[in-house]
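Novice: Sequence first, predicted model second:
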Amino acid sequence: MARTFDPIELELLWRRLISMVDEAAAAMVRTSFSTLVRESYDFSCVITDAAGQSLVQASESIPSFIGTLPETVKHFLRFFPPDQLAPGDVLITNDIWLGTGHLPDITLAKPIFKDGKLVAFSATTAHAPDIGGKIRSPEPREVFEEGLQIPPMKMIDAGKTDETLVTIIRKNVRTPDQTMGDLWAQVVALDLMEDRLRVLMEGYDLPDLTDLAREIQGRCETAMRLAIRELPDGTYHSEVQTDGLLDKPITLKMALTIKGDEIMMDFAGIVGGYVAEATVSGMSWQLYFDRAFSYINYSDLLPATLKTIVFGYLIAIAASYLGFTTSRGTEGVGDASTRSVVMGSILIILSDVILVKLIFFFYPQMSV
């Protein structure tokens, strides 16, 4: 029988979840070696349910990583099904197609067990100070020039560190102490989230997180769908042309369709040699980064008066859980390149242009 939660208990559980990921983020900052984590806060800490669906993220997390991390956890599950995971495992990858779109962002995840059953994952992504390849340059024409690729694998297997992997990483980066130091800081954050979640589950007699995740994610989805319904149905178009990136400008187009409680973005019609030119310049992003920026941008632009107060903080999770889809043009695009998507920053501009106009039209008081 599914467990139900009264409003007070649910709020207490929710605040506890927030506190544990925030504490993990603080621990990561304090134990990290590089300024990218310690000062730039170029990282995220997230807890997902056993299926990889986002449950809670740290307040200081980078929004884009909040969107990509759960997707990467789902990919980890594809490579390592639950029966191939054990307590003490730590999974690692920086595969651009499974995460944020470029190699310096390294994702770690740790399966969390209770009574021998997989109940959750703690996960982090952080921008490494170096990953080999060309130094902070947009010049790489292919991923092999960007640096060391780490396929989905176990950095720690049942509590035992893969020293061969550590040696390979240290040998292929210019800052071995900082890069590995930040990775161990990520492990610290994973362990802390695991410890705090175990205490929470014991204290509230939760055998797993199924019922709690259903309650939180369900409320998020409801809040987001209600907010979207307040916007008028229709299809809205916008485009922007790159300037200064390439010899041949690229026109980026987007059609945003609002229908009921769903939003769909269509990038068909991108012209100007997008694949041939953009990939040479190193400007392309991958699908999960595209989605992450889209989800976050929408949640930020929706009028505050339309958001559910109690769980408004979870709007971003709702977007990644249900409600948004994306479609991209594939004219003249090869199989491998169809997974490349426009730059996150330009995508935000396109979304801003459309949604800001919509919101100011229907809520003119917000334009003052």
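Specialist: That came through, no problem.
Novice: Could you report the pLDDT at Lys357?
Specialist: Per-residue confidence at Lys357 stands at 48 (pLDDT).
Novice: I'd guessed Thr125 sits against Thr68; true?
Specialist: Yes - contact criterion C-beta atoms under 8 Å: Thr125 and Thr68 qualify, at 6.8 Å. Using the backbone N, CA and C atoms, a C-beta is placed for each residue, glycine as well.
Novice: Spit out the residues that contact these two alike.
Specialist: By C-beta atoms under 8 Å, 6 or more residues apart in numbering, Thr125 and Thr68 have these common neighbours: Gly99, Thr100, Thr107.
Novice: Tell me how many other residues crowd the second one.
Specialist: Right, the one you point to is Thr100. Thr100 has 29 neighbouring residues, counting by other C-beta atoms under 10 Å.
Novice: So, low pLDDT: which residues of this structure?
Specialist: 136-139, 243-247, 269-368 (pLDDT under 70).
Novice: residues near the residue nearest to Phe65 when sequence neighbours are not counted, how many?
Specialist: Leaving aside its sequence neighbours, Phe65 sits nearest to Ser44 (C-beta to C-beta, 6 or more residues apart in numbering; 3.4 Å). By the criterion of other C-beta under 10 Å, Ser44 has 28 neighbours.
Novice: Quickly list what Ser44 is bridged to.
Specialist: Note on Ser44: beta-bridge partners by DSSP bridges are Thr125.
Novice: That one against Ser54, yeah?
Specialist: No - counting by C-beta under 8 Å, Ser44 does not reach Ser54; the two are 10.5 Å apart.
Novice: quick one: common contacting residues for those two?
Specialist: Joint contacts of Ser44 and Ser54 (C-beta under 8 Å, 6+ apart) are Ile66, Leu69.
Novice: Next, the contact list for the residue nearest to Phe65, please.
Specialist: Counting by C-beta under 8 Å, 6+ apart, the residues that Ser44 touches are Gln57, Ala58, Ser61, Ile62, Phe65, Ile66, Leu69, Thr124, Thr125, Ala126.
Novice: Report how many residues lie close to the last one.
Specialist: What that stands for is Ala126. Neighbours of Ala126 (other C-beta under 10 Å): 27.
Novice: next one: the fourth one
Specialist: A count of neighbours around Ile62, defined by other C-beta under 10 Å, yields 23.
Novice: Look up how far Thr100 lies from it.
Specialist: 9 Å (C-beta to C-beta, to the nearest Å).
Novice: Repeat that for the first one.
Specialist: Distance from Gln57 to Thr100, counting by C-beta to C-beta: 15 Å.
Novice: can you check the third one too?
Specialist: When distance is defined by C-beta to C-beta, Ser61 is 13 Å away from Thr100.
Novice: And the next helix or strand past the helix or strand containing Leu183?
Specialist: For Leu183, the host element (DSSP states H and E) is helix 176-203. Counting by DSSP H and E, the next helix or strand C-terminal to helix 176-203 is helix 210-229.
Novice: how far out from the middle of the chain is that following helix?
Specialist: 18 Å (C-alpha atoms, centre = their mean, to the nearest Å).
Novice: And for stretch 107-114?
Specialist: 16 Å.
Novice: Then stretch 260-271?
Specialist: Distance, centroid of stretch 260-271 to centroid of chain: 20 Å (C-alpha atoms, centre = their mean).
Novice: I'd say Val123 and Phe43 touch.
Specialist: Quick fix: residue 123 is Ala, not Val. No - the pair Ala123 / Phe43 is not scored as a contact, 11.1 Å apart, by C-beta under 8 Å.
Novice: what is in contact with the two at once?
Specialist: Counting by C-beta under 8 Å, 6+ apart, nothing touches both Ala123 and Phe43.
Novice: and the protein, what are its domains?
Specialist: Domain assignment for the chain by automatic domain parsing gives 7-208, 218-367.
Novice: Glu163 and Gln84, how far apart?
Specialist: 21 Å.
Novice: One more: Thr93?
Specialist: For Thr93, the distance to Gln84 - C-beta to C-beta - is 15 Å.
Novice: so what's the backbone phi/psi at Ala50?
Specialist: phi -70, psi -20 (degrees, to the nearest 10).
Novice: so it makes contact with Phe113?
Specialist: No - with contacts defined as C-beta under 8 Å, Ala50 does not count as touching Phe113, sitting 9.7 Å away.
Novice: Name the residues of stretch 45-53 that come out as buried.
Specialist: Judged by neighbour count (16 or more other C-beta atoms under 10 Å), stretch 45-53 contains these buried residues: Cys45, Val46, Ile47, Thr48, Asp49, Ala50, Gly52, Gln53.
Novice: could the shared contacts of Thr125 and Thr68 be laid out in a markdown table, adding secondary structure?
Specialist: As requested, those are arranged in a markdown table below (DSSP: H, G, I helix; E, B strand; the rest coil):
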| residue | secondary structure |
| --- | --- |
| Gly99 | coil |
| Thr100 | coil |
| Thr107 | strand |
